[in-house]
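**Q** attaching a predicted model along with its sequence, questions to come.
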Amino acid sequence: DGGITQSPKYLFRKEGQNVTLSCEQNLNHDAMYWYRQDPGQGLRLIYYSQIVNDFQKGDIAEGYSVSREKKESFPLTVTSAQKNPTAFYLCASSHSGSYNEQFFGPGTRLTVL
Amino acid sequence: AQRVTQPEKLLSVFKGAPVELKCNYSYSGSPELFWYVQYSRQRLQLLLRHISRESIKGFTADLNKGETSFHLKKPFAQEEDSAMYYCALWNEKLTFGTGTRLTIIP
């Protein structure tokens, strides 16, 4: 373990509020990813970034936004437009190019009250 | 669009018995397939990838293009194999199946 950190571990927010989840890595990976994990639905890709200052939408990007201003950081903002934000969020990183093993963070559990 | 199907949400196997976790995929090209595992209180991690054709922790997985399957197998289950297992397909990004929770009964 180590190398990828996510904070906070648990996060609570009220409906209508935006919230930002942190993801940092010191593995010198170019690529970073955000997934959402829901029971019975596996992992679904929200956004990914292959290089600094560039990112692409994944399969369920609506209601989310990201930035990639630094190689080490890939924060995810869950906006009030996300209709069902309560979930477990996983961040991952890898070397870019053709498939390279993705290394996952410990996750953040977001609960909307 | 690519798709990965894991038909079993839950699977219970007695210790010492063979294990098979099923994975089927739909993809028009030549697939790159993987198994990821998440043990209790640990991070999701890569278990094995089909291209390496290796055995990790006694597990193997063979790609069957005719049946579009990539089932994970182990001849003798151990208690430490209890975990959540995800099959995944790579095509510029990883597409995961819904996962199978494997429980080994002592």
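**A** Done, it's in.
**Q** low-confidence stretches in chain A?
**A** Chain A contains residues with pLDDT under 70 at A:1-2.
**Q** let's see that with 90 instead.
**A** A:1-2, A:15-16, A:39-42, A:80-83, A:96-101, A:113 (pLDDT under 90).
**Q** just give me the neighbour total for residue 92.
**A** Picked chain A for this. 25 (other C-beta atoms under 10 Å in any protein chain shown). C-beta here means a position set from N, CA and C on the backbone, and glycine is covered the same way.
**Q** my question was about chain B
**A** Applying other C-beta under 10 Å, we find 10 residues neighbouring residue B:92.
**Q** what of the one 3 residues further on?
**A** Neighbouring residues of residue B:95 were enumerated by other C-beta under 10 Å; the total is 21.
**Q** tell me the secondary structure at it.
**A** strand (DSSP: H, G, I helix; E, B strand; the rest coil).
**Q** okay, and the beta partners of it?
**A** residue B:89 (DSSP bridges).
**Q** pLDDT value on it, please?
**A** As summarised for this prediction, residue B:95 has a pLDDT of 93.
**Q** for residue B:62, list the residues it contacts.
**A** B:50, B:70, B:71, B:73 (C-beta atoms under 8 Å, 6 or more residues apart in numbering or on different chains).
**Q** and the closest residue to the last one other than its chain neighbours, how many residues sit next to it?
**A** On the basis of C-beta to C-beta, 6 or more residues apart in numbering or on different chains, the spatially nearest residue to residue B:73 that is not a chain neighbour turns out to be residue B:20, at 5.1 Å. As a burial measure, the neighbour count of residue B:20 was computed by other C-beta under 10 Å and equals 12.
**Q** direction included, what does whichever strand or helix holds residue B:20 pair up with?
**A** Element membership for residue B:20, per DSSP states H and E: strand B:19-21. Using DSSP bridges, strand B:19-21 pairs in its sheet with strand B:72-74 (antiparallel).
**Q** quick check: buried residues in the strand it pairs with?
**A** Buried residues in strand B:72-74, counting neighbours by 16 or more other C-beta atoms under 10 Å in any protein chain shown, are found at B:72, B:74.
**Q** quick check, distance from it to the centre of its chain.
**A** 8 Å (C-alpha atoms, centre = their mean, to the nearest Å).
**Q** related to what we said a few turns ago, can you pick the most crowded of the contacts of residue B:62?
**A** That'd be residue B:70 among those, by other C-beta under 10 Å, with 25 neighbours.
**Q** on that earlier part again, touching the strand holding residue B:20 from outside, list them.
**A** So strand B:19-21 is in contact with B:6, B:8, B:11, B:13, B:35, B:71-74, B:77, B:81, B:85, B:87, B:100, B:102, going by C-beta under 8 Å, 6+ apart.
**Q** in strands, which of the contacts of residue B:62 appear?
**A** Residues from the contacts of residue B:62 lying in strands, with DSSP state E as the criterion: residue B:73.
**Q** export the contacts of residue B:62 to a markdown table and tack on pLDDT and distance to residue B:57?
**A** Shown next, in a markdown table, are these (pLDDT from 0 to 100; distance: C-beta to C-beta, whole Å):
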| residue | pLDDT | distance to residue B:57 |
| --- | --- | --- |
| B:50 | 84 | 16 |
| B:70 | 95 | 17 |
| B:71 | 97 | 16 |
| B:73 | 96 | 12 |
